[in-house]
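Structure for this input, please:
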Amino acid sequence: MPADHPSIPRRLLHRRALDVQVFARDDGLFDVEASLTDTKTHDVPLAGEPRKAGDPIHEMRLLLTVDASLTITAATSQTLWMPYVGACDQHGDAYAQLVGLNLLKGFRQAVQERLRGTRGCTHLTELCLVLPTAVLQAMAGSIIDTREGDADGNPPFQLDRCHALRRDGETVATFYPRWHQKKPARATTVS
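Okay, here's the model as predicted:
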């Protein structure tokens, strides 16, 4: 439903679907399978061959293995559908450069440094950017303790990362009282 005029008729032109699945392995590692798929509701003339409505314009995957600390131990990519066959799929495996990065520590910046622009694929690089929060969702509460903070006495990673989990807010006061901080008093001036 459109936000500004709910009564105006409309038709779907394009759909981008992102999917991230995380699997626990029996060896203690985790496989992350992320995909990006673009489809259109109408035929599209492409450089190589016309693409029929509903057939992917892009279908790309990132396949990662991470350890319990969320450090990437293996990484590869697949380009299954692309507009420029023989070009889009010829990036070598630039995404092997993700190995050694930690999803919680400077990951997005490191991805941009290694893979932005002509160093990688626009769509696969964009897909990388959703991985930290998606993988955290898989691990939160079962593999990663999201309530008590870390062994060094730091607060849970999610605090102060969005408006709902402000350390001076009601949500933190209610669900994370140990980590709640009162709002600083406003300075008053006497005239």
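
Bridged to Thr39, which residues?
The residues listed as beta-bridge partners of Thr39 by DSSP bridges are Arg15, Pro56.

got the contact list for it?
Listed by CB atoms under 8 Å, 6 or more residues apart in numbering, the contact partners of Thr39 are 14-15, 17, 54-57. From N, CA and C alone the C-beta is placed, and that goes for glycine too.

can you map out the helices along the chain?
107-115, 122-128, 131-139, 170-175 (DSSP state H).

I'd like to know which of these lies nearest to His163.
His163 lies closest to helix 170-175 among the helices of the chain, at 9.4 Å (CB to CB).

quick one: the closest one to chain centroid distance?
With CA atoms, centre = their mean, to the nearest Å as the basis, the distance from the averaged C-alpha position of helix 170-175 to the chain average is 26 Å.

what do you get for stretch 128-137?
Centre-to-centre, stretch 128-137 and its host chain are 4 Å apart (CA atoms, centre = their mean).

Would you mark the buried spots in it?
By neighbour count, and taking 16 or more other CB atoms under 10 Å as the criterion, the buried residues in stretch 128-137 are 128, 130-132, 134-136.

contacts for it?
Applying CB under 8 Å, 6+ apart, the external contacts of stretch 128-137 come out as 18, 20, 22, 30, 32, 34, 62, 64, 66, 70, 95, 98, 103-104, 107-108, 111, 115, 144, 157-158.

could you redo the last one with a cut-off of 10 Å?
With CB atoms under 10 Å, 6 or more residues apart in numbering as the test, stretch 128-137 has contacts from 18-22, 30, 32, 34, 36, 62, 64, 66, 70, 72, 75, 77, 95, 98, 101-105, 107-108, 110-112, 114-115, 120, 127, 140, 143-144, 146, 157-158, 161.

Stretch 110-126 too?
Outside of stretch 110-126, the residues within contact range by CB under 10 Å, 6+ apart are 16, 18, 34, 36-38, 57-62, 77-79, 82, 88-89, 91-92, 94-95, 97-98, 100-102, 106, 127-129, 131-132.
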